[in-house]
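Colleague: Just a sequence and a predicted model for now, questions to come.
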Amino acid sequence: MPDLHAYLSPSWRDEALQRLQTELTPEKMNKVTTSMSNIYKNCPGGEEMFLFVECQEGKVTRVETGTGEPPKAEFLIIGNYETFSRISRAELGAQKALMTGKLKLKGNLAKALKLAAVSDRLNKVLAQIPTQY
(Lines give C-alpha, C1' and ligand atoms only; values in the text may rest on other atoms or scores of the structure.)
Protein backbone atom coordinates (compact mmCIF):
# COMPACT_ATOMS: atom_id res chain seq x y z
CA MET A 1 0.00 0.00 0.00
CA PRO A 2 1.50 3.37 -0.97
CA ASP A 3 2.15 5.97 1.70
CA LEU A 4 -0.76 8.32 2.26
CA HIS A 5 -0.13 12.04 1.84
CA ALA A 6 -1.97 14.40 4.18
CA TYR A 7 -4.28 16.51 1.99
CA LEU A 8 -2.67 19.88 1.15
CA SER A 9 0.61 18.97 2.93
CA PRO A 10 4.01 19.71 1.31
CA SER A 11 4.37 16.04 0.25
CA TRP A 12 0.84 16.08 -1.27
CA ARG A 13 1.68 19.33 -3.10
CA ASP A 14 4.91 17.85 -4.52
CA GLU A 15 3.09 14.69 -5.62
CA ALA A 16 0.30 16.80 -7.17
CA LEU A 17 2.75 18.89 -9.21
CA GLN A 18 4.66 15.82 -10.42
CA ARG A 19 1.49 13.94 -11.44
CA LEU A 20 -0.16 16.96 -13.08
CA GLN A 21 2.97 17.72 -15.12
CA THR A 22 3.33 14.06 -16.15
CA GLU A 23 -0.28 13.17 -16.91
CA LEU A 24 -1.77 16.38 -18.34
CA THR A 25 -0.43 17.36 -21.75
CA PRO A 26 -0.92 20.91 -23.04
CA GLU A 27 -3.51 19.46 -25.45
CA LYS A 28 -5.51 17.86 -22.60
CA MET A 29 -5.40 21.24 -20.87
CA ASN A 30 -6.60 23.06 -24.03
CA LYS A 31 -3.29 25.01 -23.99
CA VAL A 32 -4.82 27.31 -21.38
CA THR A 33 -2.94 29.99 -19.46
CA THR A 34 -4.65 30.66 -16.14
CA SER A 35 -4.27 30.44 -12.39
CA MET A 36 -6.56 29.77 -9.46
CA SER A 37 -6.35 30.03 -5.71
CA ASN A 38 -8.79 27.85 -3.79
CA ILE A 39 -9.49 29.09 -0.27
CA TYR A 40 -10.46 26.27 2.11
CA LYS A 41 -12.72 27.29 5.02
CA ASN A 42 -13.47 25.13 8.08
CA CYS A 43 -10.33 22.96 7.74
CA PRO A 44 -9.53 20.27 10.32
CA GLY A 45 -7.56 22.08 13.00
CA GLY A 46 -9.45 25.31 12.35
CA GLU A 47 -6.97 27.05 10.03
CA GLU A 48 -7.90 28.43 6.63
CA MET A 49 -5.77 26.89 3.87
CA PHE A 50 -5.20 27.42 0.15
CA LEU A 51 -4.36 25.46 -2.98
CA PHE A 52 -2.86 27.49 -5.84
CA VAL A 53 -2.47 26.05 -9.36
CA GLU A 54 -0.93 27.88 -12.32
CA CYS A 55 -0.92 26.81 -15.99
CA GLN A 56 1.08 28.36 -18.82
CA GLU A 57 0.02 27.35 -22.35
CA GLY A 58 -1.49 24.15 -21.00
CA LYS A 59 1.44 23.10 -18.79
CA VAL A 60 0.97 23.04 -15.03
CA THR A 61 3.88 25.22 -13.89
CA ARG A 62 3.16 25.76 -10.21
CA VAL A 63 1.24 24.14 -7.36
CA GLU A 64 1.35 25.68 -3.88
CA THR A 65 -0.48 24.92 -0.65
CA GLY A 66 -0.40 26.61 2.71
CA THR A 67 -2.06 28.93 5.18
CA GLY A 68 -2.40 32.69 5.08
CA GLU A 69 -2.60 34.83 1.97
CA PRO A 70 -2.58 32.77 -1.27
CA PRO A 71 -0.67 33.85 -4.38
CA LYS A 72 -2.57 36.26 -6.64
CA ALA A 73 -4.55 34.36 -9.27
CA GLU A 74 -6.96 34.93 -12.15
CA PHE A 75 -9.64 33.05 -10.20
CA LEU A 76 -10.28 32.99 -6.47
CA ILE A 77 -12.56 30.15 -5.39
CA ILE A 78 -13.83 29.96 -1.81
CA GLY A 79 -15.51 27.00 -0.16
CA ASN A 80 -15.52 24.55 2.72
CA TYR A 81 -12.72 22.02 3.14
CA GLU A 82 -15.23 19.18 2.78
CA THR A 83 -16.50 20.51 -0.58
CA PHE A 84 -12.97 20.88 -1.99
CA SER A 85 -11.94 17.46 -0.69
CA ARG A 86 -14.95 15.90 -2.47
CA ILE A 87 -13.90 17.70 -5.68
CA SER A 88 -10.29 16.47 -5.26
CA ARG A 89 -11.61 12.91 -4.84
CA ALA A 90 -13.62 13.41 -8.09
CA GLU A 91 -16.87 12.81 -6.16
CA LEU A 92 -18.23 16.27 -7.04
CA GLY A 93 -17.71 18.30 -10.21
CA ALA A 94 -16.34 21.82 -9.80
CA GLN A 95 -18.99 23.28 -12.14
CA LYS A 96 -21.84 21.67 -10.17
CA ALA A 97 -20.33 22.94 -6.90
CA LEU A 98 -20.22 26.48 -8.34
CA MET A 99 -23.73 26.35 -9.76
CA THR A 100 -25.24 25.01 -6.51
CA GLY A 101 -23.53 27.65 -4.35
CA LYS A 102 -21.15 25.25 -2.60
CA LEU A 103 -18.26 27.32 -3.99
CA LYS A 104 -17.98 31.09 -4.46
CA LEU A 105 -16.02 32.44 -7.44
CA LYS A 106 -14.20 35.74 -7.82
CA GLY A 107 -13.25 36.15 -11.47
CA ASN A 108 -14.86 35.85 -14.90
CA LEU A 109 -17.71 33.33 -14.50
CA ALA A 110 -18.10 32.76 -18.26
CA LYS A 111 -14.39 31.92 -18.61
CA ALA A 112 -14.51 29.77 -15.47
CA LEU A 113 -17.37 27.71 -16.91
CA LYS A 114 -15.42 27.25 -20.17
CA LEU A 115 -12.53 25.92 -18.08
CA ALA A 116 -14.74 23.48 -16.13
CA ALA A 117 -13.69 20.48 -18.27
CA VAL A 118 -10.01 21.36 -17.75
CA SER A 119 -10.64 21.65 -14.00
CA ASP A 120 -12.34 18.25 -13.95
CA ARG A 121 -9.33 16.67 -15.77
CA LEU A 122 -7.03 18.21 -13.19
CA ASN A 123 -9.17 16.88 -10.32
CA LYS A 124 -9.23 13.37 -11.81
CA VAL A 125 -5.42 13.35 -11.56
CA LEU A 126 -5.51 14.70 -7.99
CA ALA A 127 -8.02 11.96 -7.07
CA GLN A 128 -5.34 9.33 -7.85
CA ILE A 129 -2.96 10.61 -5.15
CA PRO A 130 -3.07 8.32 -2.08
CA THR A 131 -4.45 10.89 0.36
CA GLN A 132 -5.47 11.13 3.99
CA TYR A 133 -8.30 13.71 4.12
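Modeller: Arrived safely, thanks for sending.

Colleague: count of residues packed around residue 86?
Modeller: If you count neighbours by other C-beta atoms under 10 Å, residue 86 ends up with 18. Bear in mind the C-beta positions are built from the backbone N, C-alpha and C, glycine included.

Colleague: swap that for residue 133, please
Modeller: Residues near residue 133, counting by other C-beta under 10 Å, number 14.

Colleague: what about the strands in this structure?
Modeller: Using DSSP state E, the strands of the chain run over 5-6, 34-41, 49-56, 59-67, 75-80, 103-106, 131-132.

Colleague: Provide the strand pairings for the longest one, with the direction of each partner.
Modeller: Here the strand partners of strand 59-67, with direction, are listed using DSSP bridges: strand 49-56 (antiparallel).

Colleague: looking at the strands of the chain, which is closest to residue 90?
Modeller: In terms of C-beta to C-beta, the element of the strands of the chain nearest to residue 90 is strand 131-132, at 11.7 Å.

Colleague: what's the offset of that closest one from the middle of its chain?
Modeller: Its chain's C-alpha centre and that of strand 131-132 lie 15 Å apart, by C-alpha atoms, centre = their mean, to the nearest Å.

Colleague: before we move on, what about stretch 103-114?
Modeller: The answer for stretch 103-114 is 14 Å, by C-alpha atoms, centre = their mean.

Colleague: what does that stretch contact?
Modeller: Stretch 103-114 is contacted by residues 34, 36, 74-79, 83-84, 94-95, 97-98 when judged by C-beta atoms under 8 Å, 6 or more residues apart in numbering.
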